[in-house]
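Asks: could you look at this predicted model? Sequence included:
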Amino acid sequence: MSLKIIKCIRKVVIIMAKKDKIKEDKNKWFVLTLLAIAQFMVVLDVSVVNIALPHIQSALRFSPENLQWIVTAYTLAVGGFLLLGGRVADLYGRKRTFLIGTALFGIASLITGFSNSETTMILARALQGLTAAFMSPAALSIVITMFKEGKERNKALGVWAAVAAGGAAAGVLLGGIITEYASWRWNFFINVPVALGVVYLGLKHIPESTTDLGHRHLDLRGATLVTSGLMLLVYGLTEAPSKGWTSDNSIITLGLSAILLIGFIVNEIKVKHPLMPLQLFKIRNVLGANLTQFPITASLFSMFFFLSLYIQTILQYSPVKSGLSFLPVTIIIGIVSGIVSSLIARTGYKKILVIAPLVMALGLFILAKGTPVGGTYLGDVFPGLAVMAVGLGMSFVSLTIAATSGVPKDESGLASGVLNTSQQIGGALGLAILSGVSASKTADVLEKAQGQITPLVQADALVQGFHSAFYVGAGFAVAASIFALFLVKDLSNTGKPLDQ
């Protein structure tokens, strides 16, 4: 009799455990959805303004040379403060950091929407980037700690990567619709209710995760050195094409940047509790994946920024039509990301990570060879755009898995911050370099016209500038493939930690 009672109790316990497990699993995927929505906002705010750029330029009387700062101010602030944001999440709680960052991002978006001058817009975009730098690494580190390393985490990171990659394309579409039917200001206002919703639901459902670092010391000196060094680097690269690479301004800015970044490395070696423990890069795949990420994002930014300008200024598409022209990118990225996240379990991620940037390079090469002044969307834009989207869908999933596998839990926020830093600084530096390349080529073409500058000559000069940027972007993508080939080690199928 007692044996039967024990068996009955055991069955009840098993049923209850299964119910708890189902409930726990459902909550995990719901939390992932919330975190993905927040990350979608962060990525979206890089690309959502691309379609609105001509309207913002007209409304706020932006000078042509400062227009790129609407994008660069945001990405630069994100990249400059991501390491600090990731470390704050590790030290003071990931949930708390994420929710505060998200709430402040909503407020910063509101301020940006009300901007009434060139200066206000640039400063407000920088404030947006600053708040995003705290919410983004905290969100990714929550994902890493919630899902077990292996198949479960790969699936979750596949969703995360698809949202990150797809957000850039979806932002162009959403920006077109909002700009044409509402106002460019609503590209920023729309973040406010979304941020409020994420914070409200996050308070209820996101579990708090903390680390056992044994201290709460924040390396503010290191944060100041790396942030100011990165900002000066991007500023110097942005201004050098117009002011001259050998001008006093360029030499002083880039030289000071180098001094600050070297000072940061020295500080991290000497300080007891560094902002970025350099031993993290002893994990070979952390180093390899981040170096691969850097030029990939530079290529991505070149495609969206210059192709958006081509579609609107050369093909004369309306904002909505321009946005719709990027819709295939979102669809293709979503499909390819889903396939790749399943494929990685069988093939590993290195092969995919080596091939993906080459596919991106091919897409940019097609765009550089096409997109003439009298071009068409289906004949000249879509082929390169579709190939580029396939490469993006392949790269972001494999990159995210490679860069976060084998990282200790107490360093997950930092690893997330490093990965996001590579992405944002790569994008900011890439856009700065490629804008300079494009502007220089356009100026050369106009100079050769010897004063006979007709609308057709101006259009041709712009297009040739875009082509030069696409070619250099393709070169960045090839460099990413080389980094992946020689620096990334695929141990995903061996069961060994990725610490080699």
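Replies: Right, received. Where do you want to start?

Asks: got the contact list for stretch 447-462?
Replies: 309-310, 313-314, 373, 441-443, 445-446 (CB atoms under 8 Å, 6 or more residues apart in numbering). From N, CA and C alone the C-beta is placed, and that goes for glycine too.

Asks: now the residues you listed: which count as buried?
Replies: Buried residues within these, counting neighbours by 16 or more other CB atoms under 10 Å: 309-310, 313-314, 373, 441-442, 445-446.

Asks: sort out for me which of these are in helices.
Replies: Using DSSP state H, the members of the buried ones among the contacts of stretch 447-462 that fall within helices are 309, 441-442, 445-446.

Asks: output these in JSON lines; the columns should cover pLDDT.
Replies: JSON lines is the format used below for these (pLDDT from 0 to 100):
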{"residue": "309", "pLDDT": "84"}
{"residue": "441", "pLDDT": "89"}
{"residue": "442", "pLDDT": "88"}
{"residue": "445", "pLDDT": "89"}
{"residue": "446", "pLDDT": "87"}
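
Asks: mind checking what helix or strand follows the lowest-mean-pLDDT helix or strand in the chain in sequence?
Replies: When the helices and strands of the chain are scored by mean pLDDT, DSSP states H and E, helix 2-60 comes last with a mean of 68. Using DSSP states H and E, the helix or strand that follows helix 2-60 in sequence is helix 69-92.

Asks: same for that following helix, what does it pack against?
Replies: The helices and strands touching helix 69-92, judged by 3 or more CB pairs under 8 Å, 6 or more residues apart in numbering; DSSP states H and E, are helix 2-60, helix 94-113, helix 118-146, helix 220-243, helix 284-309, helix 412-448.

Asks: out of the ones you listed, nearest to residue 267?
Replies: helix 220-243 (5.0 Å; CB to CB).

Asks: packing partners for the helix or strand that comes right after the closest one?
Replies: Downstream of helix 220-243, the first helix or strand assigned by DSSP H and E is helix 248-270. Counting contacts by 3+ CB pairs under 8 Å, 6+ apart, helix 248-270 packs against helix 220-243.

Asks: buried ones in the helix it packs on?
Replies: 222-241.

Asks: stretch 63-71 too?
Replies: 66-71.

Asks: before we move on, back to that, for residue 273, which of the helices and strands packed on helix 69-92 is the nearest?
Replies: helix 220-243 (9.4 Å).

Asks: got the buried residues of stretch 63-71 as a markdown table, with distance to residue 259 columns?
Replies: Converted to a markdown table, those look like this (distance: CB to CB, whole Å):
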| residue | distance to residue 259 |
| --- | --- |
| 66 | 27 |
| 67 | 30 |
| 68 | 26 |
| 69 | 24 |
| 70 | 29 |
| 71 | 27 |
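
Asks: name the element the closest residue to residue 368 other than its chain neighbours belongs to?
Replies: Nearest non-adjacent residue to residue 368, counting by CB to CB, 6 or more residues apart in numbering: residue 470, 3.7 Å away. For residue 470, the element it lies in under DSSP H and E is helix 455-487.

Asks: can you state the direction angle for that helix and helix 284-309?
Replies: For helix 455-487 against helix 284-309, the angle by axes from the mean of the first three to the mean of the last three CA atoms, to 10 degrees is 170 degrees.

Asks: pretty sure residue 187 sits against residue 50.
Replies: No - Residue 187 is not in contact with residue 50 according to CB atoms under 8 Å; the separation is 10.0 Å.

Asks: pull up the overlap in contacts between these two.
Replies: Joint contacts of residue 187 and residue 50 (CB under 8 Å, 6+ apart) are residue 175.

Asks: still on that earlier bit, let me know how buried the residue nearest to residue 368 is, in neighbour terms.
Replies: 30 (other CB atoms under 10 Å).

Asks: now swap in the one 10 residues further on and tell me
Replies: A count of nearby residues for residue 480, using other CB under 10 Å, gives 30.

Asks: so what's it closest to, chain neighbours aside?
Replies: Per CB to CB, 6+ apart, closest to residue 480 is residue 357, 3.9 Å.

Asks: ok, the one you found - contacts?
Replies: Neighbours of residue 357 in contact, by CB under 8 Å, 6+ apart: 292, 295-296, 299, 391, 395, 477-481, 484.

Asks: report pLDDT for it.
Replies: Per-residue pLDDT puts residue 357 at 95.

Asks: that one sits in which helix or strand?
Replies: Applying DSSP H and E, one finds residue 357 within helix 350-369.

Asks: who touches residue 32 in this structure?
Replies: Contact analysis of residue 32 by CB under 8 Å, 6+ apart lists 143, 146-147, 156, 159-160.

Asks: nope, residue 231 is what I meant
Replies: 76, 80.

Asks: and the gap between it and residue 237?
Replies: Applying CB to CB, to the nearest Å, the value for residue 231 to residue 237 is 11 Å.

Asks: same question for residue 85.
Replies: 23 Å.

Asks: same check, this time on residue 190
Replies: From residue 190 to residue 237 the distance is 31 Å (CB to CB).

Asks: now do residue 278
Replies: In terms of CB to CB, residue 278 sits 25 Å off from residue 237.

Asks: repeat that for residue 112.
Replies: From residue 112 across to residue 237, the span is 24 Å (CB to CB).

Asks: do residue 369 as well
Replies: Taken as CB to CB, the span from residue 369 to residue 237 is 27 Å.

Asks: now residue 325
Replies: For residue 325, the distance to residue 237 - CB to CB - is 29 Å.

Asks: ditto for residue 385
Replies: 27 Å.

Asks: before we move on, what about residue 373?
Replies: 29 Å.

Asks: can you check residue 97 too?
Replies: 30 Å.

Asks: what's the answer for residue 192, then?
Replies: Residue 192 is 33 Å from residue 237, by CB to CB.

Asks: likewise residue 182?
Replies: For residue 182, the distance to residue 237 - CB to CB - is 35 Å.

Asks: ok, now residue 137?
Replies: Counting by CB to CB, the gap from residue 137 to residue 237 is 24 Å.

Asks: and residue 349, by the same measure?
Replies: 31 Å.

Asks: same question for residue 484.
Replies: Where residue 237 is concerned, residue 484 sits at a distance of 24 Å (CB to CB).

Asks: give me the domain ranges for the protein.
Replies: 28-218+275-487, 219-274 (automatic domain parsing).

Asks: how long is the last one from one end to the other?
Replies: Here the two ends of domain 219-274 are set 6 Å apart, with distance taken as CA to CA, to the nearest Å.

Asks: go through stretch 329-340 and flag the buried ones.
Replies: 329-330, 332-334, 336-338, 340.

Asks: using PDB, write down the CA coordinates of the helix or strand harbouring residue 332.
Replies: When elements are assigned from DSSP H and E, residue 332 belongs to helix 327-347. In PDB, the C-alpha atoms belonging to helix 327-347 read as follows (Å, rounded to 0.1, in the frame of the first residue of the first chain):
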ATOM      1  CA  LEU A 327      11.300  45.000 -47.800                       C
ATOM      2  CA  PRO A 328      12.800  42.000 -49.500                       C
ATOM      3  CA  VAL A 329      15.900  42.400 -47.400                       C
ATOM      4  CA  THR A 330      13.900  41.800 -44.200                       C
ATOM      5  CA  ILE A 331      12.200  38.800 -45.700                       C
ATOM      6  CA  ILE A 332      15.400  37.200 -47.000                       C
ATOM      7  CA  ILE A 333      17.300  37.800 -43.700                       C
ATOM      8  CA  GLY A 334      14.500  36.200 -41.700                       C
ATOM      9  CA  ILE A 335      14.400  33.100 -43.900                       C
ATOM     10  CA  VAL A 336      18.200  32.700 -44.100                       C
ATOM     11  CA  SER A 337      18.700  33.300 -40.400                       C
ATOM     12  CA  GLY A 338      16.200  30.500 -39.600                       C
ATOM     13  CA  ILE A 339      18.000  28.100 -41.900                       C
ATOM     14  CA  VAL A 340      21.400  29.000 -40.700                       C
ATOM     15  CA  SER A 341      20.600  28.600 -37.000                       C
ATOM     16  CA  SER A 342      19.500  25.000 -37.700                       C
ATOM     17  CA  LEU A 343      22.400  24.400 -40.100                       C
ATOM     18  CA  ILE A 344      25.000  25.400 -37.500                       C
ATOM     19  CA  ALA A 345      24.200  22.400 -35.400                       C
ATOM     20  CA  ARG A 346      25.400  20.200 -38.200                       C
ATOM     21  CA  THR A 347      28.100  22.200 -40.000                       C
END
